[in-house]
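S.K.: need a 3D model of the following:
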Amino acid sequence: MEQKKLAIIATKGSLDWAYPPFILASTASALGYETQIFFTFYGLQLLKRDLSLEVTPLGNPGMPMPMGMDKWFPVLGMALPGMQSVMTAMMKKKMKDKGVASIEELRELCQEAEVKLIACQMTVDLFDLNPSEFIDGVEYAGAAAFFEFAGESDICLYI
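M.R.: From the prediction side, this is the model:
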């Protein structure tokens, strides 16, 4: 029987959007899937050695807010200076309190499980990103190379 395949396209570079590709990829790999994550546009932030990811509550209207803030705190208040840092700190604390692995740990787990982490070469060039800022083991390819794998995959996710 041929090995199942999972292809993930990661396009977001915020803390809350960093979890899904790494959790899904590491789980799929543990279940025996051949897995690739193709990082493009802002998703490339997830490959940097030094992560400084934040939560952006303003762009996530479905985000559950502490203390029922979504009921009494105006959405516009999320744009106040410092709110993004406050929400990021709250999210990191909640993750730690609940025993959720850090992005760095999940990313390392993916690498140990032989998940291919592929940086979109066109986007690296477009944004003048320096590959030396990325973690070791990242591969570079264009969309066409990713489509070869995605076209044969059993599951393809856009995150």
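
S.K.: tell me which residue lies nearest the centroid of this structure.
M.R.: Ala18 (2.6 Å; CA atoms, centre = their mean).

S.K.: so which residues of this protein form helices?
M.R.: Secondary structure of the chain (DSSP state H): helices located at 15-30, 69-72, 83-97, 103-112, 121-126, 143-152.

S.K.: rank these by pLDDT, which is bottom?
M.R.: For the helices of the chain, the weakest mean pLDDT is recorded on helix 69-72, namely a mean of 52.

S.K.: how long is stretch 117-136 from one end to the other?
M.R.: Chord length of stretch 117-136, first to last residue, is 10 Å (CA to CA, to the nearest Å).

S.K.: state the pLDDT value of Met65.
M.R.: Note on Met65: pLDDT of 57.

S.K.: could you pull out the buried residues of stretch 143-157?
M.R.: The neighbour-count check on stretch 143-157 (16 or more other CB atoms under 10 Å) flags Ala145, Phe146, Phe149, Ala150, Ser153, Cys156, Leu157 as buried. All C-beta atoms are positioned from the backbone trio N, CA, C, and that covers glycine.

S.K.: using CSV, list the CA coordinates for it.
M.R.: C-alpha atoms of stretch 143-157 as CSV (Å, rounded to 0.1, in the frame of the first residue of the first chain):
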residue,chain,number,x,y,z
ALA,A,143,5.1,26.7,-6.4
ALA,A,144,5.5,24.3,-9.3
ALA,A,145,7.6,21.9,-7.2
PHE,A,146,5.1,22.0,-4.4
PHE,A,147,2.2,21.3,-6.8
GLU,A,148,4.0,18.1,-7.9
PHE,A,149,3.7,16.8,-4.3
ALA,A,150,0.3,18.4,-3.6
GLY,A,151,-1.2,16.9,-6.8
GLU,A,152,-0.4,13.4,-5.5
SER,A,153,-1.4,14.1,-1.9
ASP,A,154,-4.4,12.6,-0.2
ILE,A,155,-5.1,15.8,1.8
CYS,A,156,-4.2,19.3,0.9
LEU,A,157,-4.8,22.1,3.5
